[in-house]
Structures are given as C-alpha cells and as structure tokens.
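Enquirer: Pasted the sequence and its predicted model underneath.
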Amino acid sequence: MRIAQIITQFPPNITAGLGRYIEEITPYLAARHRLTVFTLNDGRLPVHERIDGVAVYRPMGRVLGALGRRRRLNRTRGTDFLLLGLMVVTSNWRYFLRLWGAGRDGRPDLVAVHDSTNFLAGLLCHYVLRLPVVLHIHTTEYGVDRGRGGLVRTVFAAIERWLARVARRVVVPTPEVREQLAAAGWDRSSIDVVCLGGTFERLLAASGPALDGLRAGSEALRTRLGIPAGDPVLLFVGRLERQKGIYQLLEAMPRIATAVPGLRLVIVGEGDHAGVRRIVAESGLDGRVLDSGGWVDRRALLEYYEMADVCVFPSLFEPFGLVATEAMALAKPTILGHGFSRVFLGDRDRPAVRFVRAAEPGDIARTVVEVMTDPDLRRALAERGERLIRERLSWARAADETLTVYKAALRPAVSYG
C-alpha cells in the first residue's frame, strides 16, 4: 500500500504530542508499506529528504521560511498562531500541487490527513484527485475549552464536519472522543477508535547503560534546578493554558506545599509563562514552583520525568494525552484530570492512575497530598501504570489497528459524495 501522511509535525520538528505520535508510529507503518510524509518546514530543514525509507516533503516558503529561521513560532501566542495557520494553508496547497504533478501512477493509494488544520489538502485530494482520504482526529473543536474560541472555533468545527463527511474513515484516539463526535451529529459507523501507544517504548527496550545515563542526567538536572537531594518533586508537562489545568494546579499549590515539606512543583511546557510567574509571586510560592522556560527536547524531557516522584496532569480535556503514557511507561505515579480517557484507569478495583476533578483546586490538592504522603500508594500506582502501558498500549498494536482502518478505507465506497 502507498500511503501519504499529511501532518504538521515530523522529526526533527517536534513541538507537541502530534510530533511524538508520528515519530513513534512511523517505523511500524514504513516497515510494511511505502510511506510519504508531507509536513511543515520550520525554515531550517531540507525540502526533500529520505529518512529510514520514508520520503519526506517539506515545502519552503520564502517569507514564512525566513520567519521560522529567526525563531520558533509558539502557537499559544496570537500572532504566531496566525502565522502558523498561514504556513499550514500555503503548505497544504503545495502538497496538493506535488500530488497532482505526480500523475495517476505516482499518487498514493490513500491519503491520511491529521487534524482539521490540514483541511485544504484533504478536501483537494478528495474532490480534485479523487483519492481515498482517512481523517485522523488528534484534537477536536468539540472538546476544547468552551470559554474561548468564538468564531474561529465555530469555523474549525464546521471544517471538521466537512472533512468527516468526505473521509472514508475517521480515526480517533479514545472512546470518549468518538462519543463526543457522535453526540455532535457525526456518523458513528464511520469512526474507528485506535488508542495511541506507550511513549518511550523503544528506549525502555534498550540496554541498561541507556537507562543508567538517564538517571545520571536527572541527578544533574536536579542540581541545576537547585532542588536538594531527597526533596520530593511534583512534575507537570503540557502547554501553559487553561485547558491543561495549570492554573487550578497553581491554586492548589499553597495547600500542597504546606502538607508536603520541601516539595517542588516543576513545570515543563510553553505558553503563558508570564501568567505562571505572576501567580507564583502572588501566592508566595517563589522557590517552590520551578519553570523549564519552554518546550524541551526528547532527551531533556526524559530527565525531567526521571527526576519526578509524582506526575500530575489536571487537564480539563484531552483527546488522548501522551503525557500520561510517558509518565506511566517510566513507572511514575500519575494523577490525571477528569478530561483524560478512562482507558488509563485499567482495573477499577486496582486503578493504574488517580483521577481528579480538574476544575476544583481542592480536589487536586487532596489527591496530590494523599499520593505524595503514601509510599505504598505511590508504589502501587507506579507498578500498575507501567504494566498497563506495556501490556495494552503498544505502538505495534496501534500501527496494526491503523493499517486495518486504512485497508477498510480502500474497499469500494457505496457513494463518493
């Protein structure tokens, strides 16, 4: 099967969970099929490249390429978000032109479009090139924070529905997302659930020295951050915005800090750093809340996880949430907001994680304190979480299920509207 993947991120351009998703699943897909990736260029990368048998096309625009070379665009800032949107649309047009120019014999059997941001390429592949399209929904406008978005969110929700109507199949990461879309009027029969895999799967299968080096790196990180040996570390990873529950977590921190002496909250991610600093200062939490200052790369992120005693991700909504698989795969006791899927719960009588009501700082504080002060509970959550990721959420399984969906999409359609 010849598969074209249209996605905004691809290594080494990884700035969010979407990039980690495609990085992890690509080796499994490319091992059995011809794979071409159409993705964005940050202004520094080759236009054409072959990586481990995968053909990669990253069109370069002069103006946006020049901007990207000067600084990395941060989608949590309004102006940068608009620039990224313009980059996506213009790149989508160039993806289409390249597929059109390839002729019938050079085109893929199927086009996989990731998220509604790539709507232009998806619609043109369907209506003009008459190619089967599969739509992957990694985040949906129906689940994001209802307190913002306005016209933009409404427009993208309409685009999502349009793409879903023309796509042969729609792939979502959890049963909860499927229920959200079905409740919004989407055709349930066209939606397939493919849960994502356990991040760091290949690393954890590596030899001992790699993990020994990780432990040494985490100790060095603790020293750089000024955290004394033995002081507990609570880790948050994610964008600094309301949907991720960061403000509720900071509101809970005074109670947590009082109950757990010496505890440091370490924040890793990009977004509203100014807002975080303001809340920390106003709450008297200076020295108890430490900020990475932005996105960190894969190796550095591993060291942050290794340093943590407990991880907390109090999201109000998560389509899947790779941070959960990251922490659990590394055997870190994990606390999740109610916005995460219940696929992470495991056995209800012996849960693999603790869930909190993410909108309630009091519930976050109570749960964090309980987990932090109970060594037996931490040990149980670590063991169950690691086992759940290893046994139920592998990338090999995710790839097999994804290919099953693709094969179903290639069967003759009843209508081609």
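Expert: Received the coordinates, thanks.

Enquirer: Domains in the chain, by residue range?
Expert: Domain assignment for the chain by automatic domain parsing gives 2-197+395-409, 201-392.

Enquirer: do you know how far residue 170 is from residue 389?
Expert: 25 Å (CB to CB, to the nearest Å). Quick note: C-beta positions are derived from backbone N, CA and C, even for glycine.

Enquirer: Same check on residue 265?
Expert: Counting by CB to CB - residue 265 and residue 389 are separated by 24 Å.

Enquirer: of these two, who's got more company?
Expert: Using other CB atoms under 10 Å, the more surrounded residue of residue 265 and residue 389 is residue 389, with 27 against 22.

Enquirer: nearest spatial neighbour of residue 370, skipping sequence neighbours?
Expert: Closest residue to residue 370 apart from its sequence neighbours, by CB to CB, 6 or more residues apart in numbering: residue 377 at 7.0 Å.

Enquirer: how many neighbours does the one you found have?
Expert: Neighbours of residue 377 using other CB under 10 Å come to 15.

Enquirer: Would you check that it makes contact with residue 371?
Expert: Yes: with contact defined as CB atoms under 8 Å, residue 377 reaches residue 371; the gap is 5.8 Å.

Enquirer: Need the overlap of contacts for the two.
Expert: Taking CB atoms under 8 Å, 6 or more residues apart in numbering as the contact criterion, the common neighbours of residue 377 and residue 371 are residue 333.

Enquirer: show me where pLDDT drops low in the chain?
Expert: 62-81, 141-150, 152-153, 201-211, 413-417 (pLDDT under 70).

Enquirer: so where's the longest helix in it?
Expert: Counting by DSSP state H, the longest helix found in the chain is helix 78-101.

Enquirer: continuing past that helix, what's the next helix or strand?
Expert: Later in the chain than helix 78-101, the nearest helix or strand by DSSP states H and E is helix 103-106.

Enquirer: Give the other helices and strands that whatever helix or strand comes next after that next one contacts.
Expert: Next along the chain after helix 103-106, taking DSSP H and E as the criterion, comes strand 110-114. In this structure, strand 110-114 packs against strand 2-6, helix 119-127, strand 133-136, helix 395-409, with contacts taken as 3 or more CB pairs under 8 Å, 6 or more residues apart in numbering; DSSP states H and E.

Enquirer: Give me the contact list for strand 110-114.
Expert: Residues contacting strand 110-114 (CB under 8 Å, 6+ apart): 1-8, 18, 22, 99, 119, 121-122, 125, 131-136, 138, 163, 167, 406, 409-410.

Enquirer: and if we set it to 7 Å?
Expert: Applying CB atoms under 7 Å, 6 or more residues apart in numbering, the contact partners of strand 110-114 are 1, 3-7, 18, 121-122, 125, 131-136, 138, 163, 406, 409-410.

Enquirer: Residue 58 and residue 90, how far apart?
Expert: Distance from residue 58 to residue 90, by CB to CB: 12 Å.

Enquirer: Compare those two (neighbour count), which wins?
Expert: residue 58 (22 against 16).

Enquirer: Residue 43 is in contact with the more buried one, correct?
Expert: No: assessed by CB atoms under 7 Å, residue 58 is found out of contact with residue 43, at 9.9 Å.

Enquirer: Just give me how far whichever strand or helix holds residue 380 sits from the chain centre.
Expert: Residue 380 belongs to helix 375-392 when assigned by DSSP H and E. Distance, stretch centre to chain centre, for helix 375-392: 21 Å (CA atoms, centre = their mean, to the nearest Å).

Enquirer: residue ranges for the strands of the stretch 151-300 of the chain, please.
Expert: 169-172, 191-193, 233-237, 264-268, 289-291 (DSSP state E, counting those that start in this stretch).

Enquirer: need these in JSON lines with distance to residue 86, can you?
Expert: Below are the strands of the stretch 151-300 of the chain laid out as JSON lines (distance: least, CB to CB, whole Å):
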{"stretch": "strand 169-172", "distance to residue 86": "26"}
{"stretch": "strand 191-193", "distance to residue 86": "30"}
{"stretch": "strand 233-237", "distance to residue 86": "29"}
{"stretch": "strand 264-268", "distance to residue 86": "28"}
{"stretch": "strand 289-291", "distance to residue 86": "30"}
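
Enquirer: quick one: which of these is nearest residue 383?
Expert: Closest to residue 383 of the strands of the stretch 151-300 of the chain is strand 233-237 (CB to CB; 18.6 Å).

Enquirer: Nearest spatial neighbour of residue 194, chain-adjacent residues omitted?
Expert: residue 401 (4.5 Å).

Enquirer: Tally up the residues packed near residue 394, please.
Expert: Residue 394, neighbours per other CB under 10 Å, totals 17.

Enquirer: Next: residue 407.
Expert: Counted by other CB under 10 Å, the residues lying close to residue 407 total 12.

Enquirer: do residue 333 as well
Expert: When neighbours are defined as other CB under 10 Å, residue 333 has 26 of them.

Enquirer: Not counting sequence-adjacent ones, nearest residue to it?
Expert: residue 381 (4.0 Å).

Enquirer: Distance of the one you found relative to residue 369?
Expert: Residue 381 sits 15 Å away from residue 369, going by CB to CB.
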